[in-house]
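**Q** Prediction below, plus the sequence it came from.
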Amino acid sequence: MKRISQISLIQPLMKQPLFNASEAKALGCSSALLCYYVKKGILERIDHGVYRNKDANIDVDVRYEDLVLAVKSIPEGIICLVSALDLYDYTEEIPRAYWIALPHEKWAPKRKGVKIVRMRNTTIGITELKIGSETVPIFDRERTIIDSFRYLGKETAVKALKTALSKKGKEKIDISKLRTYAKSLRVAIDPYIIAVSI
């Protein structure tokens with residue numbers, strides 16, 4: 001009974017869609033205690049060192065639920081590349097994996113269905129996106145386009161740029177910000193802007 005009553009140690013984490021073992025440990029909950037709660041059906045083990053309250057409800061479009069859970073399970077993870085292009089509606093490509101960026105010097109945990117991309121300068125263009133009731137870190141539209149030229153094929157990147165330039169209102173990219181990012185990340189973007197604008 002004592003073990004069950006210790007669930008109060010991690011009560012703040014029980015309200016989150018996910019939490020990891022290190023967060024629980026910081027609140028005084030051991031790995032053995034987490035395993036006990038999983039056996040008792042109080043917690044669900046999502047992945048190595050990643051847990052969620054069995055009764056926690058995540059209010060996210062079914063299409064993006066696994067992506068949200070994936071990025072929240074990776075400390076300092078940022079939605080990027082094909083996953084970001086999909087969220088911004090800049091590609092018709094259906095991501096076969098969830099693309100998550102991590103700072104270059106960070107350890108990359110293995111997650112099923114997740115493609116980890118280790119990047120430098122992960123503070124450039126980082127923003128947040130609300131998906132249902134959850135807020136997730138993602139690179140902004142301009143950084144996503146620049147990264148497409150850095151990490152994906154030219155065809156995918158050019159199509160994404162063309163689509164981004166054709167959008168209206170807040171969905172349209174900021175050309176000056178795009179050029180600033182291109183300079184910082186050493187991508188010659190102007191020839192492509194000219195090519196897709198003709």
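**A** Okay, I see it.
**Q** can you pull up the bridge partners for the most centrally placed residue in the chain?
**A** Residue closest to the mean C-alpha point of the chain, counted by C-alpha atoms, centre = their mean, is Ile79 at 2.9 Å. Ile79 has these beta-bridge partners by DSSP bridges: Ile100, Ile138.
**Q** wait, doesn't it sit right on Leu102?
**A** No. Applying C-beta atoms under 8 Å as the test, Ile79 and Leu102 come out as separate, 11.5 Å apart. C-beta coordinates here come from the backbone N, C-alpha and C atoms, glycine included.
**Q** need the helices for this protein, in chain order.
**A** 2-5, 11-14, 21-26, 31-39, 62-72, 81-87, 141-151, 154-166, 175-184, 190-197 (DSSP state H).
**Q** in the second one, what's buried?
**A** In this case it means helix 11-14. Leu13, Met14 (16 or more other C-beta atoms under 10 Å).
**Q** For the protein, which residues score under the pLDDT cut-off?
**A** Applying pLDDT under 70 to the chain flags the ranges 1-5.
**Q** any idea how the chain splits into domains?
**A** 2-53, 62-197 (automatic domain parsing).
**Q** Name the residues linked to the residue nearest to Ala97 when sequence neighbours are not counted by a beta bridge.
**A** Excluding its sequence neighbours, the residue lying closest to Ala97 (C-beta to C-beta, 6 or more residues apart in numbering) is Lys115, at 4.2 Å. Bridge pairing for Lys115 (DSSP bridges) gives the partners Trp99.
**Q** I'd like to know how many residues surround Lys115.
**A** Neighbour count for Lys115, taken as other C-beta atoms under 10 Å: 17.
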